[in-house]
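>>> Everything below, folded, please.
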Amino acid sequence: MRLTRREYLTCALAAGALTGLGPSLRAQTTRQAIRQEDLLRFNAKGQVTILHMADCHAQLMPCYFREPSVNVGVGAARALPPHVTGAEFLSHFGIKPGSWRGYALSSSDFQALAHTYGKVGGMDRLATLVRAIREERGPERTLLLDGGDALQGSYTALKSAGGDMVRVLDQLGVEATTGHWEFTLGAARVSELFGDRTRPGTMKAQFLAGNVLEDEWREPAFKGLKLFEKGGVPIAVIGQAFPFCAVANPRWMMDRWSFALHEVELRRNVEAARRVGAQLVILLSHNGFDVDRKLATRVEGIDVILTAHTHDALPEPVKVGDTLLIASGSSAKFLSRLDLEVRGGRLVDYSYALIPVLADAITPDPQMARLIAEIRAPHAGMLAEPLAETETLLYRRGNVNGTFDDVICAALLEERDAEIALSPGFRWGPTLLAGEQITWDDLYSATAISYPACYRLTMSGAAIRGLLEDVADNLFNPDPYYQQGGDMVRVGGISFAIDIEAKIGMRIKDLRLTRTGVPMEAARDYVVAGWASVQHGVEGPPVWDVVARYLRRHKVVAAQAGSVRLLQGGH
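Numbering: from 1, shown residues only. Purely as a prediction, here's the structure:
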């Protein structure tokens, strides 16, 4: 009997389990058994294919990326996707634990499954998937949209002020985008790259942000709406930038504009789209999932919301009334494909897949691979330089803590001679497996921002508690329209509990210094170190230099157990 390649690989996997073959061989055969065509398998439908990516944060190369194990929903969103994680998430969506879909979408058994299935993402792999779908459906039927947060999050994006990612998105053929972290490049650079409502920028994609107004005249600063025709269907894409940029990020970097949800302006754009004959209305949003879920109940006429900002990855659309919500993850880990059928001028059917970009299963696109190599070549030696080794899994995602942030806080405490460390609750940044080297590339991918100064100051215990209460309300306010930023600020040197159901100002409990276990005193001043202050003129060394010194001196690091506990109803 002659075995096919697939049958041979299946036998090899079984033999590995029975005879004790090493995990590397089992992992190799498992990866070979997953084919590019398996990832792309799809039942096409209708006239139009929408491709969506979001929150890639300038990640050009394949990386490991762990989904959160803690993603708490509050108010009407409690216990609803995306606020289920781990085994509960897999059970909810009927995904087999240990499968490649389970690995991509859950934190369960992440370290072991990462060794089995390998890295995810890589813009050259994403380009291959986009090209394959365009060839299958035809470019005249396919619309590629980016949900923002593309131009920040790596060393090369920092040094080129987003220029490297503009080249990458142009190469991908992105047709429209919106923004959030893009605005931290500064108003002049944003205008250069994206133009405004009257003129184009240097980027080929149309930048859409109808909810950003000029401060002087209170008129839209950028186009809010663009019409496309795909498969003979008139499509309106409306762009919604992150509505709280000037709160979550430095106002002085974008002081010519104001940001808000602007439901009234959004309704105007929806009505304008329908008046000119749009049969599909798509909101390209960077509001965050729960904000968009509420918005879908308040603004009629939107067929699809392509949501971003909160980095959620859902294998199925969430339907709110007549509106589909699509969540496409982050770090170039997923590509969403949404096929739409339109009859009689309205959406009547759809088919959807969230495609994991499993790097080992996808042949890199040669043109994109050459572009990435060109971008990284001048810096390749420095980026590959190891700084230390990690004994524990280092990750960023999670409502209240991330182990990579624990290492950053330890560095702030030691290098800045502080009692307390504060690190912002950013969601972006790759994952490192236990035993891996931490390189400059990894460090910049967790810290590369345009306002990186490490401050050192004194704060009273009352002020520290007040800051923690403000951030907790930002995260756990039951009204999504008051959730204005990232996850909970990360801390070093202190421990506390958060009662997520308590009233504003009453959520932080049992606030203590971890070194002594003594409760913090409201009237006492403490030495605090942190980074990424939104205030203008903050002085201090850049965070990557501070953390690099710490890593080099210790050579081997391990994240400590989390010091923040979540309570519900006081328990």
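>>> okay, now Gly86: neighbour count?
If you count neighbours by other CB atoms under 10 Å, Gly86 ends up with 18. Every residue, glycine included, has its C-beta placed from N, CA and C.
>>> So it sits against Ser108, correct?
Yes - using CB atoms under 8 Å, Gly86 makes contact with Ser108 at a distance of 4.9 Å.
>>> Verify the contact between Ser258 and Val212 for me.
Yes - using CB under 8 Å, Ser258 is in contact with Val212, at 7.4 Å.
>>> Which one of those two is surrounded by more residues?
Neighbour count, other CB under 10 Å: between Ser258 and Val212, Val212 has more, with 32 against 18.
>>> Any idea what that one is bridged to?
Counting by DSSP bridges, Val212 forms beta bridges with Phe259.
>>> which phi and psi does Ile133 have?
The phi and psi values for Ile133, taken as degrees, to the nearest 10, are phi -70, psi -40.
>>> Would you mind measuring from it to Arg167?
Distance, Ile133 to Arg167, by CB to CB, to the nearest Å: 22 Å.
>>> More neighbours: the two, which one.
Counted by other CB under 10 Å, Ile133 and Arg167 do not tie: Ile133 has more neighbours, with 23 against 16.
>>> so how far is Ala353 from that one?
Distance from Ile133 to Ala353, by CB to CB: 10 Å.
>>> What's the local residue count around the residue lying closest to Ile362 once chain neighbours are set aside?
Leaving aside its sequence neighbours, Ile362 sits nearest to Arg125 (CB to CB, 6 or more residues apart in numbering; 4.1 Å). Residues lying near Arg125 (other CB under 10 Å) number 28.
>>> For the stretch 401-550 of the chain, which segments count as helices?
403-415, 440-447, 461-476, 543-554 (DSSP state H, counting those that start in this stretch).
>>> List the strands paired with the following helix or strand past the last one, with their directions.
So the one you mean is helix 543-554. As assigned by DSSP states H and E, the chain's next helix or strand after helix 543-554 is strand 556-557. Looking at strand 556-557 with DSSP bridges, its partner strands are strand 386-390 (parallel).
>>> Which of the helices or strands spans Ala332?
Using DSSP H and E, Ala332 sits in no helix or strand.
>>> Quick check: it vs Thr439, distance?
For Ala332, the distance to Thr439 (CB to CB) stands at 19 Å.
>>> Just the endpoints, please. Distance across stretch 386-397?
23 Å (CA to CA, to the nearest Å).
>>> Ignore what I typed, I meant stretch 237-255.
27 Å.
>>> before we move on, what about stretch 219-233?
End-to-end distance for stretch 219-233, by CA to CA: 30 Å.
>>> Pull out the buried residues from that stretch.
Pro220, Ala221, Phe222, Lys223, Gly224, Leu225, Lys226, Phe228, Lys230, Gly231, Val233 (16 or more other CB atoms under 10 Å).
>>> Same question for stretch 185-205.
185-186, 189-196, 201, 203, 205.
>>> go on, stretch 351-362?
Going by 16+ other CB under 10 Å, stretch 351-362 has these buried residues: Tyr352, Ala353, Leu354, Ile355, Pro356, Val357, Leu358, Ala359, Asp360, Ala361, Ile362.
>>> Identify the farthest-apart pair in those residues.
Maximum pairwise distance in the buried residues of stretch 351-362, criterion CB to CB, is 24.6 Å, between Tyr352 and Asp360.
>>> what's the neighbour count on Gly435?
11.
>>> Would you state the predicted confidence (pLDDT) at Gly20?
What the model reports as pLDDT for Gly20 is 40.
>>> Kindly report the same for the one 5 residues further on.
Leu25 carries a pLDDT score of 56 in this model.
>>> All further residue positions should be reported with the first residue as 492.
With the count now opening at 492, the last piece we talked about shows up as Leu516.
>>> tell me the contacts of Tyr1031?
One correction, residue 1031 is Gly, not Tyr. Gly1031 sits next to Ala944, Cys945, Tyr946, Arg947, Trp1022 when contact means CB atoms under 8 Å, 6 or more residues apart in numbering.
>>> ok, how many other residues are close to the first one?
For Ala944, the tally of surrounding residues (other CB under 10 Å) stands at 17.
>>> my read: it touches Glu1030, true?
Yes - between Ala944 and Glu1030 there is a contact at 6.0 Å, judged by CB under 8 Å.
>>> Just give me the closest of the buried residues of stretch 710-724 to Gly670.
Phe713 (8.8 Å).
>>> Spatially nearest residue to that closest one, not counting backbone neighbours?
Ala700 (4.3 Å).
>>> Tally up the residues packed near the one you found, please.
Neighbours of Ala700 under the rule other CB under 10 Å: 33.
>>> Where does it sit: helix, strand or coil?
Recorded secondary structure, Ala700: coil (DSSP: H, G, I helix; E, B strand; the rest coil).
>>> Just the pLDDT for it.
The model's pLDDT for Ala700 equals 98.
>>> which residues does Leu948 bridge with?
Here Leu948, judged by DSSP bridges, has bridge partners Val1019.
>>> In this structure Leu797 contacts Asp637, no?
No - using CB under 8 Å, Leu797 makes no contact with Asp637, being 9.4 Å away.
>>> Verify the contact between the residue nearest to Phe713 and Phe733 for me.
No - the criterion here is CB under 8 Å, and Ala700 misses it with Phe733 at 9.1 Å.
>>> Can you point out the buried residues in the host helix or strand of Ala871?
Element membership of Ala871, judged by DSSP H and E, is helix 871-874. Neighbour counts over helix 871-874 (16+ other CB under 10 Å) mark Leu874 as buried.
>>> and it, average pLDDT?
On average, helix 871-874 scores 98.
>>> buried stuff in stretch 723-743?
724-737, 739-741.
>>> so how far is that stretch from its chain's centroid?
15 Å (CA atoms, centre = their mean, to the nearest Å).
>>> That one - what's its average pLDDT?
Mean pLDDT, taken over the full extent of stretch 723-743, equals 96.
>>> What of stretch 883-892?
pLDDT averaged over stretch 883-892 gives 93.
>>> Kindly check the end-to-end length of that stretch for me.
Stretch 883-892: ends 15 Å apart by CA to CA.
>>> any residues touching that stretch, and which ones?
557-563, 601-602, 802, 893-896, 898, 917-925, 929, 937, 966, 978-979, 981, 989, 1049-1050, 1053-1055, 1057.
>>> Kindly recompute the last result at 6 Å.
557, 559, 561, 563, 602, 893-895, 918, 920, 922-923, 925, 978-979, 1049-1050, 1053, 1055 (CB atoms under 6 Å, 6 or more residues apart in numbering).
>>> Stretch 809-826 too?
543-547, 550, 556, 611-612, 614, 617, 620, 780, 783-784, 787, 793, 795-798, 802-805, 808, 827, 845-848.
>>> Among those, which are located in helices?
Counting by DSSP state H, the part of the contacts of stretch 809-826 found in helices is Met614, Leu617, Leu620, Phe780, Asp783, Arg784, Ala787.
>>> so, if you compare these, which one comes nearest to Val962?
Taking CB to CB as the measure, Val962 sits nearest to Phe780 out of those, at 19.0 Å.
>>> Tell me who's in contact with that closest one.
Pro573, Thr798, Thr801, Asp803, Ala818.
>>> Which secondary structure element of this protein has the lowest mean pLDDT?
helix 496-510 (a mean of 37; mean pLDDT, DSSP states H and E).
>>> the more surrounded of Ala823 and Thr930?
Shown here are Ala823 and Thr930; by other CB under 10 Å, Ala823 has more neighbours (29 against 18).
>>> If we ignore the residues flanking it in sequence, what's nearest the more buried one?
Gly612 (3.8 Å).
>>> try Ser749
Leu704 (5.0 Å).
>>> Would you agree the one you found is in contact with Ala751?
No - taking contacts as CB atoms under 6 Å, Leu704 lies outside contact range of Ala751: 7.8 Å.
>>> So these two - more neighbours on which side?
Shown here are Leu704 and Ala751; by other CB under 10 Å, Leu704 has more neighbours (19 against 14).
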